[in-house]
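Asks: next input, structure requested:
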Amino acid sequence: MTRSLQFRTVVIGWLAWSLPWTAGALVIEAEEASVRTIGAEATPGIWNLWSAGEVGDYVHIEAAGEYVLKVRAYGSPAEGQWPRMRVSVDGEARGETTVESARARDYTFQIALEPGVFRLAVSFLNDARTDSEDRNLYLDRIEITAQRRHATVSRGDAERWQASRRAREDAAEAMTLAKAAESTEQHRKRDATVVVRNGARPVPDAEVSVEQVDHAFLFGCNIFSFDWLKKSPLRQGLREYSRPA
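Replies: Next up is the predicted model:
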């Protein structure tokens, strides 16, 4: 290998490691997104969210980490206000901004994700219309990029999303129950020693049965917004029923 070829090889290798990592990006064209609750194509490749609704898709995340979500969009104002845009994951808001431009530009959000399939969506929040103005949100594309080198993002589907969501819910429930069991062992149980005596003499091998006849705390639940019932018979009945014995 010549010296000049070695130098070029070193430079190319250095550039590969120093440049931003973008190979893990997934681009979703708005007009091709599988989630489009309202709107239509304004021009080829641009989706007009003309009312409150959302555009998005199902994405498969391979590895836990930080991801950059880039939404290319523009808007039209009404009554002096531009459209508000929100990004969400499985219905949970992860970022919000005002689209203050009549020309397409990128709006960037950083979100943390665990492995699985998620429903990623961009929502239009403040639709309005007057005789001369119409506030709309126009979407070009949604791009999600892994920040971790070699992590990949791919397209999912509704069926895999439902299965992944159930798995996450089951895992969360299992963790909650495990913590409850641990708390029960720590805070609601104690060891006790029972000694059966005949006068002053212990009785060996005595048969003992234990039966709970009362407890020190009430089993039940909290009734939220209890006072909205005011003086109705239902409120009075619930209050009587919930009193300690």
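Asks: tell me the pLDDT at the closest residue to Pro202 other than its chain neighbours?
Replies: Once flanking residues are discounted, Pro202 sits nearest to Val195: 5.9 Å by Cβ to Cβ, 6 or more residues apart in numbering. C-betas here are computed from N, CA, C, even on glycine. Listed pLDDT for Val195 reads 88.
Asks: quick thing: my sequence starts at 40, can you match it?
Replies: Right, with 40 as the first residue, what we last looked at is Val234.
Asks: mind checking the longest helix of this structure?
Replies: Selection of the longest helix in the chain by residue count, based on DSSP state H, yields helix 197-226.
Asks: going along the chain from that helix, find the next helix or strand for me.
Replies: As assigned by DSSP states H and E, the chain's next helix or strand after helix 197-226 is strand 236-237.
Asks: tell me which strands the very next helix or strand once past that following strand pairs with, and in which orientation.
Replies: Sequence order places strand 240-241 as the next helix or strand after strand 236-237, per DSSP H and E. Strand pairing for strand 240-241, using DSSP bridges, gives strand 236-237 (antiparallel).
Asks: how far off centre is the partner strand?
Replies: Using Cα atoms, centre = their mean, to the nearest Å, the distance from the centre of strand 236-237 to the centre of the chain it belongs to is 63 Å.
Asks: can you give the contact residues for it?
Replies: Val242 (Cβ atoms under 8 Å, 6 or more residues apart in numbering).
Asks: how about stretch 127-144?
Replies: Taking contacts as Cβ under 8 Å, 6+ apart, the residues outside stretch 127-144 that touch it are 85, 93, 108, 111-115, 121-126, 146, 148, 150, 152, 157-160, 162, 164, 176-177, 179, 204.
Asks: quick one on the thing from earlier: so the residue nearest to Pro241 versus Lys228, what's the distance?
Replies: Distance of Val234 to Lys228, given as Cβ to Cβ, to the nearest Å: 20 Å.
Asks: for Ala69, give me its contacts.
Replies: Contact partners of Ala69, counting by Cβ under 8 Å, 6+ apart, are 75, 84-86, 94, 178-181.
Asks: repeat that with 6 Å
Replies: Residues in contact with Ala69 (Cβ atoms under 6 Å, 6 or more residues apart in numbering) are 86, 94, 178, 180.
Asks: still on that earlier bit, so of the contacts of stretch 127-144, which ones are in helices?
Replies: Those of the contacts of stretch 127-144 mapping onto helices are Arg204, per DSSP H.
Asks: now the buried members of the contacts of stretch 127-144.
Replies: Neighbour-count burial (16 or more other Cβ atoms under 10 Å) applied to these gives 85, 93, 108, 111-115, 121-126, 146, 148, 150, 152, 157-160, 162, 176-177, 179.
Asks: isn't Ala81 up against Trp89?
Replies: No: with contact defined as Cβ atoms under 6 Å, Ala81 does not reach Trp89; the gap is 8.6 Å.
Asks: neighbour count: those two, which is higher?
Replies: Between Ala81 and Trp89, Trp89 has the larger neighbour count (other Cβ atoms under 10 Å), namely 19 against 16.
Asks: how near is the more buried one to Ile150?
Replies: For Trp89 relative to Ile150 (Cβ to Cβ), the value is 27 Å.
Asks: before we move on, what about Arg229?
Replies: For Arg229, the distance to Ile150 (Cβ to Cβ) stands at 46 Å.
Asks: please apply the same query to Ser73.
Replies: On the measure of Cβ to Cβ, Ser73 and Ile150 end up 20 Å apart.
Asks: what's the answer for Ser248, then?
Replies: Distance from Ser248 to Ile150, counting by Cβ to Cβ: 58 Å.
Asks: and if you look at Asp129?
Replies: For Asp129, the distance to Ile150 equals 12 Å [Cβ to Cβ].
Asks: for Ser140, same thing?
Replies: From Ser140 to Ile150 the distance is 22 Å (Cβ to Cβ).
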